[in-house]
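Visitor: Sequence and predicted structure are below.
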Protein chains: 2
Amino acid sequence: MQWDQRFAARTAQMKRSTIREILKLTSQPDVISFAGGLPAPEFFPVERVKQAADLALSERGQAALQYSTTEGMPELRELIAERLSNEHIQVDPDQVLITTGSQQALDLIGRVLIDNGDFVIAENPTYLGMIMAWKPYGLRYTPVPTDAEGMDVDALEPLLRQNPKLLYVVPNFQNPGGNTLSLERRERLVALLARYQVPLIEDNPYGELCYSGEPQPSILSLDAKNLGINTPDGHVIYAGTLSKVLAPGLRIGFLVAAAAVIDKLVQAKQSADLHTSTLDQFIAYEVARDGFLDQHVQHLREVYRERRDIMLAAMERYFPPEVTWSKPDGGLFLLVTAPSQVDTTTLLVEAVKRKVAFVPGADFHIDGSGQNTFRLNFSNAGPQMIEAGIQRLGQLLHDAVAQPVHG
Amino acid sequence: MQWDQRFAARTAQMKRSTIREILKLTSQPDVISFAGGLPAPEFFPVERVKQAADLALSERGQAALQYSTTEGMPELRELIAERLSNEHIQVDPDQVLITTGSQQALDLIGRVLIDNGDFVIAENPTYLGMIMAWKPYGLRYTPVPTDAEGMDVDALEPLLRQNPKLLYVVPNFQNPGGNTLSLERRERLVALLARYQVPLIEDNPYGELCYSGEPQPSILSLDAKNLGINTPDGHVIYAGTLSKVLAPGLRIGFLVAAAAVIDKLVQAKQSADLHTSTLDQFIAYEVARDGFLDQHVQHLREVYRERRDIMLAAMERYFPPEVTWSKPDGGLFLLVTAPSQVDTTTLLVEAVKRKVAFVPGADFHIDGSGQNTFRLNFSNAGPQMIEAGIQRLGQLLHDAVAQPVHG
């Protein structure tokens, strides 16, 4: 059977994720990998999850194993709604949809909103999982430049006049850039959303992992404030996840949006997988309740802050002066910029030989640039491995910078 | 914000599932519902799941909570591959993809194969979850009539000449019809697949729940036999699930297909949700291994056979002679046909008042017929409830049949 002649047109656009293919290459234990976006497994609250699973199955075993509603477990939706409510906004649990990880949250947004030929504005560089999720829906990406304070709002305004389908932003500790959108820019941004009536996707997987600086209010809440409403019925669809603050293996993400949007997202999820694992939702709720999640996040902040600081200090020591990098206030990633003659995809081949790995930056860039950049993850490897890996990378970069420029 | 003007064109085609909306209506405890497709929760192996969760988290806790591969847990893929191998076919675990329930299996097939304007041949009536999953991809359905031996293969052949994108079949204890494709028809069907080079989706959620008659070999294996290969590299994409034989709350489904197809399905799943819950896969594997799944399926066959028999006997006693129904050899459902003047959607309104529920058959039919049919589930309610519910339904049907024909 000639299967390749049977695939849908969109299937031709599907590419295997660079990140995941590289992860496979670097899974040998002697490679120090800064490539993935993996949380540190040694901090997973395994005992608490075990107790939670036992409790959920002992007290509500039949319900925990049965089909459940597409919208998600009411208690978990309530817990998430409370965490997202602040002085500007009161989130109704009915406006929370539980998703199978935040990758599904992005996929559902694509299904519900994106038509073939639409254009979407995104930070340059932007999140690869979003590019992967929305590519099949046939859109074009329009880049907005970013700096240390996030998306350049001045550069954004003329693009908003061209009727984009939506605007995609990772406002906190962006992946891959590590930058955070400043409060002043957030406020100008929500004013622009209201003026141009453009929907914004606020993708916030890392917001709680804040190690320095002031945590900023969500764009969701600032939009509500700007509109003089105190509900999520403005311009923002908010995506979050428990993957980074609890455990990614449970696949618990969520979306918060206007009621009319949630209604469509629920229908899209019904077609996609009926509902997210009932057992995982029960477990996640039991783990997160009673203030445990806050306590756990506090612990993660301490240990990840230490790893970030160790990586930044090691980079100062080992990287050549021609190389620069972002200094994130939180999250899991930072972005390194080498001199323009260094191609980081070529560099990766040599890096893997020297038993260290990163993700080349070109795929994150939607304007064809970024060949001389790469992303480093600082959450997964332990302190000594970070030190050793950065030393190896430093040597590699010294060699690359010293090489004569070809062509 | 005018969200309704922002939705993608496909969003307009999204409808809330009739089944799930009705399930909500009939969730009061005093309604006897034959509407859902729920397994009986009292037979979930809760203790075994609890032990499995404890074992998985005690021995491999960090791995069970971490990101994992899109393809799925190797040991679980191996277990499924072994269960699907028989004298005609040897399934390689690399040709098994774990999905987030079999609803996602259908969705991924739609993504990878269906272009706008394609036509798909399906049994009439057919599975509503498939209609829901593929509608957004803009296809047309072409019905093939069915009888007690399943799809009418004579009626199928002229349709295969018109270059359908694919053929969708639920070969065992079909939902909603309850019929099973005979061995003779399976053999003729695989010969037609080879002659016309048409891909077939074999959706087999119920095959193991066999209460009478001979279990039939999968179309997947018969296609391999017909082609003289002994691998799943022929015309068939096979979809299965642990939802009916273990527990639906875990959301573990799977797909088996030719290597080139699995490759594309993996890429589609990467965009859809990265991977299925790691913890649920670990738990499902621990529950299913060491022959427990076979033992458990044996038990389910006994208890569900009893419920089927009680329902069929009660229908004989309480239903008017003008009403007919299918007599399934397995699965969860049977289909009732009332005289043509009875509209079962109208009937449902009266039924809910009398505290009994079913699913009207019109939505399952892709040729606009079936208004006088409805589906009954016999797995979820216990024996006494089945008796009482069928008695209520019988009274309702007697009243409906006695009413003068309008119009």
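Guide: Noted; the coordinates are in hand.

Visitor: what are the pairing partners of the longest strand anywhere in chain A, and which direction each?
Guide: Longest strand of chain A, by residue count under DSSP state E: strand A:140-147. Next to strand A:140-147 in the sheet, as set by DSSP bridges, lie strand A:119-124 (parallel), strand A:150-151 (antiparallel).

Visitor: wait, which of those is closest to A:Ile201?
Guide: Taking C-beta to C-beta, strand A:119-124 is the member of the strands paired with strand A:140-147 nearest to A:Ile201, at 8.6 Å. For every residue, glycine as well, the C-beta is placed using N, CA and C.

Visitor: any bit of the helix or strand hosting A:Asp294 sitting next to chain B?
Guide: Using DSSP states H and E, A:Asp294 falls within helix A:292-318. No. Judged by C-beta under 8 Å from any C-beta of the partner chain, helix A:292-318 stays clear of chain B, getting no closer than 12.6 Å.

Visitor: Just checking: what are the partner strands of the very next helix or strand once past that helix?
Guide: Heading C-terminal from helix A:292-318, the first helix or strand you meet, by DSSP H and E, is strand A:324-325. Here strand A:324-325 is paired, per DSSP bridges, with strand A:333-337 (antiparallel).

Visitor: could you give the angle of the partner strand to helix A:292-318?
Guide: 20 degrees (axes from the mean of the first three to the mean of the last three C-alpha atoms, to 10 degrees).

Visitor: how far out from the middle of the chain is strand A:333-337?
Guide: Remark: strand A:333-337 is offset 15 Å from the chain centroid, using C-alpha atoms, centre = their mean, to the nearest Å.

Visitor: so what does the helix or strand just after that strand touch, helix or strand wise?
Guide: Using DSSP H and E, the helix or strand that follows strand A:333-337 towards the C-terminus is helix A:344-353. For helix A:344-353, the packing partners by 3 or more C-beta pairs under 8 Å, 6 or more residues apart in numbering or on different chains; DSSP states H and E come out as strand A:359-360, strand A:373-377, helix A:383-402.

Visitor: Kindly export helix A:344-353 (C-alpha atoms) in PDB.
Guide: C-alpha atoms of helix A:344-353 as PDB (Å, rounded to 0.1, in the frame of the first residue of the first chain):
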ATOM      1  CA  THR A 344      25.100  26.400  16.400                       C
ATOM      2  CA  THR A 345      23.600  23.500  14.500                       C
ATOM      3  CA  THR A 346      27.100  22.600  13.300                       C
ATOM      4  CA  LEU A 347      28.400  23.300  16.800                       C
ATOM      5  CA  LEU A 348      25.900  20.800  18.300                       C
ATOM      6  CA  VAL A 349      27.500  17.900  16.300                       C
ATOM      7  CA  GLU A 350      30.800  18.700  17.900                       C
ATOM      8  CA  ALA A 351      29.200  19.300  21.300                       C
ATOM      9  CA  VAL A 352      27.600  15.900  21.300                       C
ATOM     10  CA  LYS A 353      31.100  14.400  20.600                       C
END
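
Visitor: what sits up against that helix?
Guide: For helix A:344-353, the surrounding residues in contact (C-beta atoms under 8 Å, 6 or more residues apart in numbering or on different chains) are A:22, A:25-26, A:31, A:338, A:357-358, A:360-362, A:371-374, A:392-393, A:396-397, A:400.

Visitor: Try it again at 6 Å.
Guide: Helix A:344-353 has contacts (C-beta atoms under 6 Å, 6 or more residues apart in numbering or on different chains) with A:360, A:374, A:396, A:400.

Visitor: Then stretch A:59-74?
Guide: A:56-57, A:97-98, A:266, A:269-270, A:275, A:278-279, A:281-282, B:38, B:41, B:44, B:46, B:247-249.

Visitor: Could you rerun that using 8 Å?
Guide: Outside stretch A:59-74, the residues within contact range by C-beta under 8 Å, 6+ apart are A:56-57, A:77, A:93-94, A:96-98, A:254, A:266, A:269-270, A:274-276, A:278-279, A:281-282, A:285, B:20, B:24, B:36, B:38-39, B:41-42, B:44, B:46, B:49-50, B:243, B:247-250.
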